[in-house]
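Novice: Sharing a model prediction with you, sequence too.
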Amino acid sequence: MIDPKVVDALVAGRGRSEDSPLNQLTPREHDVLREMAEGKNNAAIAEALVLTERSVEKVIHSIFLKLGLTWETAVHRRVKAVILYLAESDGVHPESGSDPETLKS
């Protein structure tokens, strides 16, 4: 698990290019991906976002499709998605321009 403060530090000051696949994600997909970046499993994501685990699984599958992450035996798609998020995220919610921490309340 990655401490949320570490995630915040990694994404601080980084901007996302206009052609980033992250721009294709819905606000809910961004929320789930952010929770994944904090190291949470599906059950913890479901609890944090008040969803069922099955809903979380569906959202994660959609994230993988939109990011072009296909199943490979030697690659963990969840890790690749989080790395992309951390590399390109600016820590701002795409729809509202708000800080993601503000949106949790």
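Specialist: That came through fine.

Novice: C-alpha only now, for contacts and for neighbours.
Specialist: Will do.

Novice: what's the least confident helix or strand in the chain, going by average pLDDT?
Specialist: Here the helix or strand of the chain ranked lowest by mean pLDDT, DSSP states H and E is helix 100-103, holding a mean of 42.

Novice: Please enumerate the helices of this protein.
Specialist: With DSSP state H, the ranges of helices along the chain come out as 4-11, 27-37, 42-49, 53-66, 77-88, 100-103.

Novice: which one of the ones you listed has the most crowded surroundings?
Specialist: Ranked by mean neighbour count under mean count of other C-alpha atoms under 10 Å, those are led by helix 27-37, which reaches a mean of 21.

Novice: quick check: angle from it to helix 53-66?
Specialist: 100 degrees (axes from the mean of the first three to the mean of the last three C-alpha atoms, to 10 degrees).

Novice: any weak-confidence spans in the protein?
Specialist: For the chain, the stretches flagged by pLDDT under 70 are 1-17, 90-105.

Novice: Next, find the distance separating residue 44 from residue 73.
Specialist: In this view, residue 44 and residue 73 are 25 Å apart by C-alpha to C-alpha, to the nearest Å.

Novice: Likewise for residue 48?
Specialist: In this view, residue 48 and residue 73 are 30 Å apart by C-alpha to C-alpha.

Novice: looking at the helices of the chain, which is closest to residue 19?
Specialist: For the helices of the chain, proximity to residue 19 was assessed by C-alpha to C-alpha; helix 77-88 is nearest, at 11.0 Å.

Novice: could you give the angle of that closest one to helix 53-66?
Specialist: Using the same axes, to 10 degrees, helix 77-88 lies at 60 degrees relative to helix 53-66.

Novice: sorry, back to before: will you turn the helices of the chain into CSV that also has distance to residue 21?
Specialist: Shown next, in CSV, are the helices of the chain (distance: least, C-alpha to C-alpha, whole Å):
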stretch, distance to residue 21
helix 4-11, 16
helix 27-37, 12
helix 42-49, 22
helix 53-66, 7
helix 77-88, 9
helix 100-103, 19
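
Novice: Select, out of those, the one closest to residue 18.
Specialist: helix 77-88 (10.5 Å).
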